[in-house]
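# Return atomic coordinates for the entry below.
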Amino acid sequence: MTDPKPSDSPSPEAEQPFVTHLVELRDRLIRAVASVGVVFAVLAVYPGPSGLFDLFAKPLIAHLPHGSTMIAIGVITPFLVPLKLTMLVALMIALPVVLYQLWAFIAPGLYAHEKRLVVPLIFISTLLFYLGVAFAYFIVLGRLFTFIQDVAPKVITAAPDIESYLSFVLTLFLAFGTAFEVPVVLMLLVRFGVLTIAQLKAWRSYFIVVAFIIAAVITPPDVFSQTSLAVSMILLYEVGIVGSRMLGKYARAPEDEAEKPADAEPPA
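Prediction:
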């Protein structure tokens, strides 16, 4: 008599942890969505979608010719565009809560030194993204629209479409916010052994050229915007070198304590 084949179906005990993780993931997602919804509700009451768009369009309106206004081509565009902007701003404001929910879900599966690595990186990356967006809004946009008005033919009356304006500015925000993540990228590359701090120092001159090329590609064609982004990336490159050294000491794995430091020269 042959032995019965073992059952291929998992036992209830094996399924339980998986179900528990799914329930926790659902709860975390609900909390993240709820945080965005709460911020959206607050913004919808004050300043309201229309008031928020007025604030969003202020850098452009201040540089339009006297008597010019923005226009809306679509029938429901005056309603949808401010609503879309309100949702995006709510997501940006609630981003720390969303990232915390993600962190709380994955934290139990991390080692102590990995937790020490993730927490500062989440905080730094969020802060840098905010700084990039603020830099674009408060410094770059005003200079950019001044440049556009100076080079535009005088026979043209500027009347930008609000949907095109939203798309253009959000692209600029994303470009600057992403470019400001240079220190985080460098810290990760050094932490996981892809690069060393000595190599980053040796490649400074190459990065300066790369920074100006990136700025020329992703920013509008005015000197101020391109120079502002390139110089910011170069300064953030230096911040990334300093941060890599600090983070390497702070989040070093126990088995790596006896290894060479992150800024050691690579082997010949």
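# Report how many residues lie close to residue 126.
The local packing of residue 126 (other Cβ atoms under 10 Å) involves 17 other residues. No exception for glycine: its C-beta is placed from N, CA and C like everyone else's.
# now swap in residue 114 and tell me
For residue 114, the count of nearby residues is 14 (other Cβ under 10 Å).
# try the one 5 residues further on
By the other Cβ under 10 Å criterion, the neighbourhood of residue 119 contains 14 residues.
# any idea which helix or strand carries it?
Using DSSP states H and E, residue 119 maps to helix 112-135.
# Just the buried positions in stretch 149-156, please.
Using 16 or more other Cβ atoms under 10 Å as the test for burial, stretch 149-156 gives no buried residues.
# coming back round to it: which residues are in contact with the helix holding residue 119?
Residues outside helix 112-135 that contact it (Cβ atoms under 8 Å, 6 or more residues apart in numbering) are 92, 95-96, 99-100, 103, 106-107, 110, 173, 176-181, 183-184, 187-188, 191, 228, 232, 236, 243, 247, 250-254.
# mind checking how far that helix is from the chain centre?
With Cα atoms, centre = their mean, to the nearest Å as the basis, helix 112-135 stands 10 Å off its chain's centre.
# Ok, stretch 154-166 next?
Using Cα atoms, centre = their mean, the offset of stretch 154-166 from its chain centre is 28 Å.
# would you list every one of the helices in the stretch 1-150 of the chain?
Assigned by DSSP state H, counting those that start in this stretch, the helices in the stretch 1-150 of the chain fall at 12-45, 48-56, 58-61, 77-93, 95-106, 112-135, 141-151.
# With just CA atoms, put the third one into PDB.
So the one you mean is helix 58-61. Provided in PDB are the C-alpha atoms of helix 58-61 (Å, rounded to 0.1, in the frame of the first residue of the first chain):
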ATOM      1  CA  LYS A  58      -0.400  84.100  -9.200                       C
ATOM      2  CA  PRO A  59       3.100  83.900 -10.700                       C
ATOM      3  CA  LEU A  60       1.700  84.000 -14.200                       C
ATOM      4  CA  ILE A  61      -1.000  86.600 -13.600                       C
END
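# Having no further points to raise, I will conclude here.
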